[in-house]
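# just the structure for this:
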Amino acid sequence: MTFEEGKQKFIQSWGTLGSSWGINRTMAQIHALLLITPRSISAEEIRKELNISMGNTNMNLRALIDWGLVHKNLKAGERKEFYVAEKDMWLVVRKIIIQRKKRELEPMVKVLDDISQVQGVCNHSEEFCRIISDIKLFSGKADSVLDTLSKSEASWFVGTFMKMIR
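Next up, the predicted model:
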């Protein structure tokens with residue numbers, strides 16, 4: 001496999017993986033390109049490399065910046081903005097955990113808090129309240145674990161993970 005083939009395969013695969021994080025394929029492909037590019041590159045270079053529109057490029061770059069996965073890099077004497085990905089994979093994982101928690105888990109916990117106040121007693125409401133309570137308990141534990149992960153250092157996580165698999 002040539003470098004170009006490997007690069008394209010990585011970009012396509014990372015794009016597919018991105019949907020598991022809750023981001024769109026193009027956003028993940030831009031992130032992949034910036035991860036493997038050794039220098040900062042302009043939006044125009046990204047657009048050309050991925051064959052996407054400039055509007056799509058800019059919109060997804062803004063989203064990646066909001067997630068903390070990409071940073072602007074200004075170059076002296078250049079009017080263009082250049083972009084570079086966070087290359088520390090532990091920081092990347094932490095930022096993804098934080099964003100997914102904020103976008104997915106926290107809204108669900110809020111809904112669970114609201115519906116756990118259901119009134120009335122019947123066979124259906126008792127079952128409903130029991131299930132909601134179980135989900136709320138699990139969600140609270142998941143929230144706690146994700147908080148711990150997002151605040152931990154890579155060495156702690158790796159050490160803890162290795163203890164778990166021994």
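# and the longest helix for the chain?
The longest helix of the chain (DSSP state H) is helix 123-151.
# tell me which element Tyr83 falls in.
Element membership for Tyr83, per DSSP states H and E: strand 81-85.
# Glu44 touches Glu81, doesn't it?
No - between Glu44 and Glu81 there is no contact under CB atoms under 8 Å: 10.2 Å. Where C-beta positions appear, they are placed from N, C-alpha and C, glycine not excepted.
# tell me which of these two has more neighbours.
Glu81 (14 against 11; other CB atoms under 10 Å).
# contacting residues for that one?
42-43, 72-74 (CB atoms under 8 Å, 6 or more residues apart in numbering).
# list just the nearest of these to Asn58.
Ala43 (6.0 Å; CB to CB).
# nearest spatial neighbour of the closest one, chain-adjacent residues omitted?
Using CB to CB, 6 or more residues apart in numbering and skipping residues adjacent in sequence, the residue nearest Ala43 is Thr57, 5.1 Å away.
# look at that neighbour and report its pLDDT.
On the pLDDT scale, Thr57 is placed at 97.
# need the next SSE after the helix or strand Glu49 falls within, C-terminal direction.
Using DSSP H and E, Glu49 sits in helix 43-50. The element immediately downstream of helix 43-50 (helix or strand, assigned by DSSP H and E) is helix 54-67.
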